[in-house]
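Enquirer: Fold the following, please.
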Amino acid sequence: MFSKIAINNVKKSIKDYSIYFLTLTFAVCIFYSFNSLGAQKSVLELNKSTENYMVILNKLIAGISVFVSFILGGLIIYANNFLIKKRKKELGIYMTLGMAKSKISKILILETFLIGLLSLAAGILLGIIVSQGLSIITAKLLVVNINKFKFIVSPSAIIKSVLYFGIIFLLVMIFNQVIISKYKLIDMLNAAKKNEDIKVENPVISVLIFLLSAALLITAYSLVLKVGLNPKDIKFTTSIILGVIGTLLLFFSLSSFFLHIIQKNKKLYLKNLNIFVLRQINNKITTNFISMSVICLMLFLTITLLFTMFGYKSNLDKLVKGNTTFDASAKLNIDSDDQKVKDIKGYLDKMDFKFNAYEKYTFYNEYKLDIQPDNLFKNYLDKHEQEDPEKYLLEIPISAVKISEYNSIRKLSGQQGITLKSNQILVISNYEDINNALDKFIKNHNIVNIDGKAYNIKNEAPIKTNLVTTGSDLNFLYLIIPDNFSGKLKLYSTGFNVMFSKNNGEKSEEKFKNLFKNFANNRYKDGYYIPISGNTIEQVHALVYGSSTIIVFIGIYLGIVFLISSAAVLALQQLSEASDSLARYNSLKKIGAPQKLIDKSILIQTLIYFMAPLTLAIIHSTVSVSIANKVFSMHNGNTLGSSYFMIALALIIIYGGYFYATYMGFKNVVKNTIL
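Expert: Numbers count the residues shown, from 1 in each chain. Here you go, the predicted model:
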């Protein structure tokens, strides 16, 4: 009998609370998908360096999954609590008919077991499908090929999903038993008659609290914009504390404040069902101001996390294009005049290193000029660059390479050489801030004074291809000078670039990887330091794309979990509101309110309920993203651009999807229940 009751209750609950079951399914799906990353290595053409990053990513995902399980566990228990509250009257009827609390607990245990089984099965099946697409995303992020696509199922991810969510549902069962044991029969039968208390009745107090919250938030924004991303500064910590308190106070006073404001506009207040809608919103936001504040902060973290993550990834993608022309590059820095090793070519000879016939290469020297970017382009730099030139690397002497060596580098990459007159130079740079200044400088002057001699800039815009393949110095600025340059030149480094043949690429790759390992192992030789380094294009791709892939996956993983959790809590609260307010909607129907106006009132209050935390979260995020942009600006990029589209798409699909499903569910509950 108990099994039959439990099965019928689950069927009824699935119909009425599909959002709850969909949330459970999505939670399992996301959990499985990201924990199945380890199984994707079998279909990806990973080199050793990239594979190491995949190992690191898998370990990080495993660790973060523990944190995610706590979030999802809290969400499930929170949602389950709403379902239990909604069913108080039903459980009270069971007790009235003579059913003991232990029997009721048994029914709930069976229900939880069935719900868990269904959501686990559906979530894992959906996760298996989603993880196939994740393989393609992984390949694109790591810039590797899928050698032979095949349908992947990860047994370890299935076991982990079953184990983690099994524990969560076990906790839900225990939670239900504790809750039922504390309920009294009279409370269960009268649950639907209990109304929320409005926390702030006095309009003066609500206005004062609202203004205080606004002042706290403005102060928090001002402090964090002033100190930036500096956790060591007390102002940074203060801004976070003020921001949290300001958010809590804003939601505590928000609905009462606007209710009293709108009441003064009688035309708007008395229009259609606005009185009813405002009272409904006032009750819910004021009663749930803590959960609304938490949801707002979670949305803020989600938006900021996704913006920063996508910005970081697009920034690296943009930069690496100009830094990976050659299959391998190496550089020997000249740190002092008494340095014993000053020629990388001679150092290779001492190591008995030989280039093979199928490896094309060229050597070059890099010099430092007695001129700095801020001296040259000072009048065309942005205000913040002029105020802090050190931060934007504008006080470092500009590098120079002679035209004959630059042409040999160009020819190595299949480009034609460039001819320079004795009074001409070329500018090579991917530094966007400096490039903007350079563009203005070239249009207005087109002349650079070096050691008292004027040189014309031959190119109309900076060339954005680096002279070496590198994953560390992604920002570069060179002046290509004539071979007969008569100014001061200080040797800064010597280096070489190599291009591999297609037929022997793997051999050369391994050969130069070993060479660069020897460089690292022999940096301290004969009692002194030899500042030499090198990397292959494969190593650069692994370094750049590997690190960005880790950040992207962690950002997406946490972002989706936070977004689903926030939207699900809002949806469940609104559906609970639908059940609690049926008597009120019945009253509206009885006094002649048309169904069209009732549906419109449901739409308005659902929209306000979803938009209130999202709007404040967007305002918070605008401030945080502006700070992130300042950090990224010194690395030739920002977190905006294409990120807007990606974040908007995620919000529309997930958050907007939950909003629409909540509105339809709310409307159907009211329409199917009211007399």
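
Enquirer: What backbone torsions are found at Ile532?
Expert: Per-residue torsions, Ile532: phi -130, psi 140 (degrees, to the nearest 10).

Enquirer: Mind listing the residues bridging to it?
Expert: With DSSP bridges as the criterion, the beta-bridge partners of Ile532 are Leu332.

Enquirer: what's the neighbour count on it?
Expert: Using other Cβ atoms under 10 Å, Ile532 has 21 other residues around it. Any C-beta I mention is one placed from the backbone N, CA and C, and that applies to glycine too.

Enquirer: Quick check, it in contact with Lys345.
Expert: No. In this structure Ile532 lies outside contact range of Lys345 using Cβ atoms under 8 Å: 11.9 Å.

Enquirer: host element of Ile76?
Expert: helix 48-86 (DSSP states H and E).

Enquirer: Check which element follows the worst-scoring helix or strand of the chain on mean pLDDT along the chain.
Expert: In the chain, no helix or strand scores lower on mean pLDDT, DSSP states H and E than helix 185-189, which sits at a mean of 53. As assigned by DSSP H and E, the chain's next helix or strand after helix 185-189 is helix 203-227.

Enquirer: tell me which strands and helices the very next helix or strand once past that following helix is in contact with?
Expert: Sequence-wise, the next helix or strand downstream of helix 203-227 (DSSP H and E) is helix 234-263. With contacts taken as 3 or more Cβ pairs under 8 Å, 6 or more residues apart in numbering; DSSP states H and E, helix 234-263 sits against helix 203-227, helix 266-269, helix 274-287, helix 289-321, helix 595-633.

Enquirer: Mind checking the pLDDT average for helix 234-263?
Expert: With pLDDT averaged residue by residue, helix 234-263 scores 83.

Enquirer: just how off-centre is it within its chain?
Expert: The chain centre lies 25 Å from the centre of helix 234-263; the measure is Cα atoms, centre = their mean, to the nearest Å.

Enquirer: so that helix versus helix 203-227, what angle?
Expert: Going by axes from the mean of the first three to the mean of the last three Cα atoms, to 10 degrees, helix 234-263 is angled at 150 degrees with respect to helix 203-227.

Enquirer: could you check the angle helix 289-321 makes with helix 234-263?
Expert: 120 degrees.

Enquirer: Check which residues of helix 234-263 are buried.
Expert: 236, 239, 242-243, 245-260 (16 or more other Cβ atoms under 10 Å).

Enquirer: Could you do stretch 412-432 as well?
Expert: For stretch 412-432, the neighbour count (16+ other Cβ under 10 Å) marks Leu412, Leu420, Gln424, Ile425, Leu426, Val427, Ile428, Ser429, Asn430, Tyr431, Glu432 as buried.

Enquirer: Report the mean confidence score over the helix ranked longest in the chain.
Expert: In the chain, with assignment by DSSP state H, the single longest helix is helix 537-580. Mean per-residue pLDDT for helix 537-580: 82.

Enquirer: and what of stretch 313-320?
Expert: In the prediction, stretch 313-320 has an average pLDDT of 71.

Enquirer: centre of the chain versus that stretch, how much separation?
Expert: 15 Å.

Enquirer: Report the distance from stretch 308-328 to the chain centre.
Expert: Its chain's average C-alpha position is 17 Å from that of stretch 308-328, according to Cα atoms, centre = their mean.

Enquirer: With stretch 503-512 instead?
Expert: In terms of Cα atoms, centre = their mean, the centre of stretch 503-512 is found 36 Å from the chain centre.

Enquirer: Show me what it is in contact with.
Expert: Contact partners of stretch 503-512, identified using Cβ atoms under 8 Å, 6 or more residues apart in numbering, comprise Asp327, Ala328, Asn356, Tyr358, Glu359, Val498, Phe500, Ser501, Gly534, Thr536, Glu538.

Enquirer: got the CA coordinates for it in CSV?
Expert: Output of stretch 503-512 as CSV, limited to C-alpha atoms (Å, rounded to 0.1, in the frame of the first residue of the first chain):
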residue,chain,number,x,y,z
ASN,A,503,57.7,14.8,-43.0
ASN,A,504,60.0,15.0,-40.1
GLY,A,505,58.0,17.3,-37.8
GLU,A,506,57.6,14.9,-34.9
LYS,A,507,61.4,14.1,-34.9
SER,A,508,62.3,17.7,-34.8
GLU,A,509,59.7,18.5,-32.2
GLU,A,510,61.2,15.8,-29.9
LYS,A,511,64.7,16.9,-30.7
PHE,A,512,64.2,20.6,-29.8
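
Enquirer: buried sites along that stretch?
Expert: Ser508, Glu509, Lys511, Phe512.

Enquirer: of all these, which comes closest to Lys340?
Expert: Closest approach to Lys340 among the buried residues of stretch 503-512 (Cβ to Cβ): Phe512, at 24.1 Å.

Enquirer: now the angle between helix 537-580 and the helix or strand hosting the closest one, please.
Expert: Using DSSP H and E, Phe512 falls within helix 505-521. Between helix 505-521 and helix 537-580, the angle comes out at 90 degrees (the same axes, to 10 degrees).

Enquirer: Return the distance of helix 505-521 from the chain's centre.
Expert: Using Cα atoms, centre = their mean, the offset of helix 505-521 from its chain centre is 35 Å.

Enquirer: ok, now stretch 568-583?
Expert: For stretch 568-583, the distance to the chain centre is 30 Å (Cα atoms, centre = their mean).

Enquirer: Using PDB, write down the CA coordinates of that stretch.
Expert: The C-alpha coordinates for stretch 568-583 follow below in PDB (Å, rounded to 0.1, in the frame of the first residue of the first chain):
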ATOM      1  CA  ALA A 568      15.800  26.900  -9.600                       C
ATOM      2  CA  VAL A 569      15.400  28.500  -6.100                       C
ATOM      3  CA  LEU A 570      13.500  31.400  -7.600                       C
ATOM      4  CA  ALA A 571      11.300  29.100  -9.600                       C
ATOM      5  CA  LEU A 572      10.500  26.900  -6.600                       C
ATOM      6  CA  GLN A 573       9.700  29.900  -4.500                       C
ATOM      7  CA  GLN A 574       7.300  31.200  -7.100                       C
ATOM      8  CA  LEU A 575       5.600  27.800  -7.500                       C
ATOM      9  CA  SER A 576       5.300  27.700  -3.800                       C
ATOM     10  CA  GLU A 577       3.700  31.100  -4.000                       C
ATOM     11  CA  ALA A 578       1.200  29.800  -6.500                       C
ATOM     12  CA  SER A 579       0.100  27.100  -4.100                       C
ATOM     13  CA  ASP A 580      -0.100  29.400  -1.100                       C
ATOM     14  CA  SER A 581      -2.000  32.100  -3.000                       C
ATOM     15  CA  LEU A 582      -4.800  30.000  -4.500                       C
ATOM     16  CA  ALA A 583      -7.400  31.400  -2.100                       C
END
